[in-house]
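A.B. asks: Output the structure for:
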Amino acid sequence: MAIDRKTVEKVAKLARLELSGEELDRYGQQLGAILDYIAKLEKLDVKALEPLAHAVDTSNVFREDVPKPGLSRDAALQNAPEKTGDFFVVPKIIE
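C.D. replies: Now for the predicted structure:
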């Protein structure tokens, strides 16, 4: 499917991209190739296929969520550039 330059310019404007003339031509060809591929996919008969979330059957590979001791207050404040008592000092942002 051919994409005209005006459509590519409109998409670039919506995406807030500044593209050169060469980039507009190249992206127009690439967008056309993507739309051609989507058109091929739309022709496939998928009525007999079961919906799935992943192409590969996977299981949870994460470790168990077991509480562990965290940093002590002194250890957390040890490398602070500035501190007052048990607190970090941060620059004031709102005046």
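A.B. asks: Going by C-alpha atoms from here, please, whenever you check contacts or count neighbours.
C.D. replies: Will do.
A.B. asks: ok, which stretches of this structure are strands?
C.D. replies: Per DSSP state E, the chain carries strands over the ranges 83-84, 87-88.
A.B. asks: which of those is buried the deepest?
C.D. replies: strand 87-88 (a mean of 12; mean count of other CA atoms under 10 Å).
A.B. asks: Can you give me the neighbour number for E9?
C.D. replies: By other CA atoms under 10 Å, the residues close to E9 number 19.
A.B. asks: wait, doesn't R5 sit right on R26?
C.D. replies: No. R5 lies out of contact with R26 (CA atoms under 8 Å); the separation is 10.0 Å.
A.B. asks: Indicate which one of the strands of the chain is closest to V56.
C.D. replies: Proximity of the strands of the chain to V56 was assessed by CA to CA; the nearest stretch is strand 87-88, lying at 46.7 Å.
A.B. asks: So which elements touch the closest one?
C.D. replies: Contact partners of strand 87-88 among helices and strands, from 3 or more CA pairs under 8 Å, 6 or more residues apart in numbering; DSSP states H and E: none.
A.B. asks: For L24, the count of nearby residues, please.
C.D. replies: 19.
A.B. asks: thinking again about what came up before, turn the strands of the chain into JSON lines, columns for mean pLDDT and distance to K40.
C.D. replies: Shown next, in JSON lines, are these (pLDDT from 0 to 100; distance: least, CA to CA, whole Å):
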{"stretch": "strand 83-84", "mean pLDDT": "92", "distance to K40": "62"}
{"stretch": "strand 87-88", "mean pLDDT": "93", "distance to K40": "59"}
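A.B. asks: Mind checking those for the one nearest to S59?
C.D. replies: Among these, if distance is taken as CA to CA, the winner is strand 87-88, at 41.3 Å.
A.B. asks: All set now, cheers.
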